[in-house]
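Student: this one's sequence-less:
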C-alpha cells in the first residue's frame, strides 16, 4: 500500500481488469457495521470507470445494499449490458465469498451541449470558511474522512448552529479530509455523506441501514475539475418516515453554485 | 385476449412462472416509439409479484430503459439476488430476441409498524371532481389510458388552467381510464405519468427519452386498497436541464393526503 496516496484512492483501488476486479475495505471509511455506503458506491462506479469498454461519463447510478460488507477483500464484476450510440448501461455486483453484498446499475453517456437551465436555487449560505468545522467524538471512522461545516441539521441534541428545527433538513459544506480534487467517484461518495434523516428529525440515534441509493450526475468532468479541492454544499431532507423505511432527497452544489448531483435514497429504520 | 379484463391488466399479463415469463405490448399503452415507460415499469414489477419466491411488498424499484421495446412479444427474467430476514433484492431484465431492452432492480420487504411522520405537506388543491378533465387530440395512445385533471403545468402553449408559469412544475389528479383499483403495479405506472418536464418548461415538444426511473413505495397494500379507484394527486418538477439530460422528482398522494410514492427519473433530451 502506497502511503503517499490519498485514503480515498486507496479505498477505491482495484486490481484486475475487463470487468473482474479485486478490492479491499479500509479502516478510513469504516462505518458502524461494514464500510460507509458512499465508499461502496464509489468503488462500484470505479469498476465501470476502469473498464476498457467504458463509453463517456456517468449520468446515473443506483446502488442496492444487500448485506453488510465484511472487513477485508471483495470482488467486483462489472458488465456492459447494452451500448448504444451515446449511452451505455451497466450491471455491477460486489461479492464476498461468492455472495452478492451490493449490486448496482449505472448509465454512462457521451454528453452534448444543449439548452440549459437550473430551476432550483442555490441556497443562501455563508462561505465555507466562515462556518465552524464540525467535530464530535465517538462517531464512526468514515466521518473523519470528511470535513463537515454544518449550517443546519447536524443531529446535535442541543444545536449550536443557531438554527434549530423540527424538520429533517440538513445543510452543510463538505469536502474530503484531507482535501482531494473532486471526481465522479468522490462525488458519488459525497452523495451518501448526510447523517441519516431520522437522527436529525428525532434528535437521537436509532438502528438504520440504507437499502438503495440513486445518484444523477448533472456535472461533467470539466465542471468537477473546476471545483477542485474546495468544499461542496449539500442539502438533504426526508419526505416520509413510515413502516420501517424513510426516503432522503438531496442536492450537491459546487462552491460557485452549479448543481453537481441530485440524489435520493431509501433507508430502513427500527424505532 | 379476454375483453372483460381491464386494459392495464391485459398489458401487464404474463405467462410462465418461477422467474421466466412471456408478455406482449398492447396498443392501449403505446407511446411515440415503443410502449409508455410506466407500463414497462409495471410489467417488470409484476414479474417479481408473480414469482413464487417473492417475500413481502415492493419498497424500491429502479428501471433502466436501454432501448425502445418493439411492438409484440417480449420475455422477462426475474431473479432474487439475495433474500434476508425481511428484505429481498431482485434483478429483472426484459428481452426481445435475446437482447436486453429494459433492466430493473427491485427491493421487496416485510414492513413493520414504526414511528411515523410525513414531512412534506399535501398540496392545497380543489377536489378532483372540481377540475376539468384534460383532453387534447394528437397525443400518444397511452394518454388515453389515463384520466388527467390538471391544476398546473399541462404543457399547453397557452394555458387554460389559470396558472401560467415559467417553471417545470406540474400538479394533476390522475387515475386509470377506465377506473381500476390502485395496486403496486398501477402505482408504479402512474409514477411515470407526468409529461416530460422540458415540454412544460419550454412549452414545446422536443425529442426525449427516460433513461432511468426510480420509485420508492411509501404505501403498503392496505393503503392502496383504501385508495380504490379514486384519483391520486401527482406533483412533479425538474431541478436541472443540462448537456442532454434533465431530472424529474415527483410525489404521488392518495386522495386523502397520504404520500403513496416518491419517484425520480433521468431523461435524455435533444434541444
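Tutor: Nice, thanks for sending it over. Everything numeric here is computed off the predicted structure, so don't read it as measured data. Residues are numbered from 1 along each chain as shown, chains lettered A, B, ... in the order given.
Student: where exactly do the strands run in the stretch 1-150 of chain A?
Tutor: Counting by DSSP state E, counting those that start in this stretch, the stretch 1-150 of chain A has strands at residues A:15-17, A:20-24, A:57-65, A:73-83, A:87-96, A:99-109, A:117-118, A:146-152.
Student: mind listing what residue A:54 touches?
Tutor: A:48, A:80, A:88, A:108 (C-beta atoms under 8 Å, 6 or more residues apart in numbering or on different chains). Where you see a C-beta, it was placed from the backbone N, CA and C, and this is true even at glycine.
Student: Out of these, flag the one nearest to chain B.
Tutor: Nearest to chain B among these is residue A:88, at 9.5 Å by C-beta to the nearest C-beta.
Student: is it true that that closest one touches residue A:105?
Tutor: No: counting by C-beta atoms under 8 Å, residue A:88 stays clear of residue A:105, with 11.4 Å between them.
Student: what touches both of these two?
Tutor: In terms of C-beta under 8 Å, 6+ apart, residue A:88 and residue A:105 are not both contacted by any residue.
Student: that older thread, let's have the strands of the stretch 1-150 of chain A in TSV, adding mean neighbour count, mean pLDDT and distance to residue A:252.
Tutor: Formatted as TSV, the strands of the stretch 1-150 of chain A follow (neighbours: other C-beta atoms under 10 Å in any protein chain shown; pLDDT from 0 to 100; distance: least, C-beta to C-beta, whole Å):
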stretch	mean neighbour count	mean pLDDT	distance to residue A:252
strand A:15-17	11	94	30
strand A:20-24	17	98	24
strand A:57-65	26	98	13
strand A:73-83	18	98	24
strand A:87-96	22	98	22
strand A:99-109	23	98	17
strand A:117-118	16	95	13
strand A:146-152	21	96	13
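Student: got those strands as TSV, with distance to residue A:32 columns?
Tutor: Listed next are the strands of the stretch 1-150 of chain A as TSV, based on distance: least, C-beta to C-beta, whole Å:
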stretch	distance to residue A:32
strand A:15-17	28
strand A:20-24	19
strand A:57-65	13
strand A:73-83	18
strand A:87-96	18
strand A:99-109	16
strand A:117-118	36
strand A:146-152	16
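Student: want to throw these into TSV with distance to chain B?
Tutor: Converted to TSV, the strands of the stretch 1-150 of chain A look like this (distance: least, C-beta to the nearest C-beta, whole Å):
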stretch	distance to chain B
strand A:15-17	22
strand A:20-24	18
strand A:57-65	4
strand A:73-83	4
strand A:87-96	5
strand A:99-109	5
strand A:117-118	5
strand A:146-152	14
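Student: Which one of those lies nearest to residue B:229?
Tutor: Of all the strands of the stretch 1-150 of chain A, strand A:57-65 sits nearest to residue B:229, with 32.0 Å by C-beta to C-beta.
Student: What pairs with that closest one, parallel or antiparallel?
Tutor: Counting by DSSP bridges, the strands paired with strand A:57-65 are strand A:99-109 (antiparallel), strand A:208-217 (antiparallel).
Student: Among the contacts of residue A:54, which one sits closest to residue A:72?
Tutor: Out of these, the member with the shortest distance to residue A:72 (by C-beta to C-beta) is residue A:48, at 22.8 Å.
Student: mind putting the strands paired with strand A:57-65 in TSV, distance to residue B:40 included?
Tutor: Output for those, formatted as TSV (distance: least, C-beta to C-beta, whole Å):
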stretch	distance to residue B:40
strand A:99-109	15
strand A:208-217	18
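Student: Can you give the distance of the helix or strand bottoming out on mean pLDDT in chain A from its chain's centre?
Tutor: Of all helical and strand segments in chain A, the minimum by mean pLDDT, DSSP states H and E falls on helix A:197-202, at a mean of 92. Averaging C-alpha positions (C-alpha atoms, centre = their mean, to the nearest Å) puts helix A:197-202 19 Å from its chain's average.
Student: Double-check residue A:205 against residue A:140; I have them as touching.
Tutor: No: the pair residue A:205 / residue A:140 is not scored as a contact, 11.2 Å apart, by C-beta under 8 Å.
Student: All the strands of the stretch 151-271 of chain A, residue numbers only.
Tutor: Using DSSP E, counting those that start in this stretch, strands in the stretch 151-271 of chain A cover A:170-176, A:208-217, A:232-237, A:240-242, A:245-253, A:259-269.
Student: For residue B:259, which of those is the nearest?
Tutor: Closest approach to residue B:259 among the strands of the stretch 151-271 of chain A (C-beta to C-beta): strand A:240-242, 4.7 Å.
Student: does chain B sit close to that closest one?
Tutor: Yes: counting by C-beta under 8 Å from any C-beta of the partner chain, contacts between strand A:240-242 and chain B involve A:240, A:241, A:242.
Student: who wins for most neighbours among the residues you listed?
Tutor: The residue in the residues of strand A:240-242 next to chain B with the most neighbours, by other C-beta atoms under 10 Å in any protein chain shown, is residue A:241 (24 neighbours).
Student: residues in contact with that residue?
Tutor: By C-beta under 8 Å, 6+ apart, residue A:241 lies in contact with A:197, A:198, A:201, A:269, B:114, B:115, B:116, B:117, B:118, B:119.
Student: Out of those, grab the one that's most surrounded.
Tutor: Neighbour counts for those (other C-beta under 10 Å) peak at residue A:197, which has 29 neighbours.
Student: correct me, but it touches residue A:240?
Tutor: No: using C-beta under 8 Å, residue A:197 is not in contact with residue A:240, being 10.2 Å away.
Student: Can you pull the residues that touch both of these two?
Tutor: Common contacts of residue A:197 and residue A:240 (C-beta under 8 Å, 6+ apart): residue A:246.
Student: my guess is residue A:87 meets residue A:108, correct?
Tutor: Yes: with contact defined as C-beta under 8 Å, residue A:87 and residue A:108 form a contacting pair (7.1 Å).
Student: Quick check: neighbours shared by these two?
Tutor: Listed as contacting both residue A:87 and residue A:108 by C-beta under 8 Å, 6+ apart are A:55, A:56, A:59.
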